[in-house]
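Student: My questions are about this predicted structure, shown below with the sequence.
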Amino acid sequence: AQKVTQAQTEISVVEKEDVTLDCVYETRDTTYYLFWYKQPPSGELVFLIRRNSFDEQNEISGRYSWNFQKSTSSFNFTITASQVVDSAVYFCALTKAAGNKLTFGGGTRVLVKP
Amino acid sequence: DAGVIQSPRHEVTEMGQEVTLRCKPISGHDYLFWYRQTMMRGLELLIYFNNNVPIDDSGMPEDRFSAKMPNASFSTLKIQPSEPRDSAVYFCASSLAVPTGNSPLHFGNGTRLTVT
């Protein structure tokens, strides 16, 4: 069975601080995909990134960066120089290769204060 | 593109009533998913369709829940009879191909259901 754990339920930071969201996953599959989604206060879920299990390169997109470490089954997400607009719930998710069923973590609520 | 469109945005109903949630996926997307989000259980996959055919409904909680996709541009999730524990946000999502390919899930804005 697959499992995604986001141990941090809520993180509060002041604007311009960096914030790192932890994601730890469990799977028996050797090939799998990991995702991050953002859910702003308006409620929709916005896709941020997809990473497959063979690609351990870290990725940076603007103020967002992701650190994938297969050895520790983690796929952490860092927001650099946070802004108020980053306030949202962030979900980490996992699916097996060619799979259609995403298993979501419980989400981490990020509150960025001005 | 208009994105995934769900209606209604909010639904309040009394226990025992029938509830129908609607979804219009992104045009051209072959996969459609229904998810439910609650505080206790987080985001759960209820059912998904490929080319209008239900592929996996193992997440549907009970026989009170049913989903249909009569054509490529429309799907419904029906709860009959509804119960207070069905209160949740229901999301519809679609993807061009399997979400593990170059085709992430695109979610609608959700329907917040309250059963009193």
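Tutor: Looks like it arrived, so ask away. Numbers count the residues shown, from 1 in each chain, chains lettered A, B, ... in the order given.

Student: residues in contact with the helix or strand of chain B with the lowest mean pLDDT?
Tutor: The helix or strand of chain B with the lowest confidence, counting by mean pLDDT, DSSP states H and E, is strand B:106-107 at a mean of 91. Contacts to strand B:106-107, defined as C-beta atoms under 8 Å, 6 or more residues apart in numbering or on different chains, come from residues A:37, A:44-47, B:3-4, B:26, B:29, B:35, B:91-95. To be clear about C-beta, it is placed using only N, CA and C from the backbone, and glycine gets the same treatment.

Student: Of those residues, keep whichever come out buried.
Tutor: Among the contacts of strand B:106-107, the ones that count as buried by 16 or more other C-beta atoms under 10 Å in any protein chain shown are A:37, A:44-45, A:47, B:4, B:26, B:29, B:35, B:91-95.

Student: residues contacting the residue minimising distance to the centre of chain B?
Tutor: With distances taken as C-alpha atoms, centre = their mean, B:W34 lies nearest the centre of chain B, 2.9 Å away. Counting by C-beta under 8 Å, 6+ apart, B:W34 touches B:C23, B:L45, B:L46, B:I47, B:Y48, B:A67, B:S75, B:L77, B:Y90, B:F91, B:C92.

Student: where does the least confident helix or strand of chain B sit relative to the chain's centre, distance-wise?
Tutor: Relative to the chain's own centre, strand B:106-107 is displaced by 11 Å; criterion: C-alpha atoms, centre = their mean, to the nearest Å.

Student: Direction included, what does that strand pair against?
Tutor: strand B:88-95 (antiparallel) (DSSP bridges).

Student: Quick check: mean pLDDT of the partner strand?
Tutor: In this model, strand B:88-95 has a mean pLDDT of 95.

Student: who's in contact with that strand?
Tutor: By C-beta under 8 Å, 6+ apart, strand B:88-95 touches A:43, A:45, B:4, B:6, B:21, B:23, B:25-26, B:29-38, B:43, B:75, B:77, B:103-108, B:110-113.
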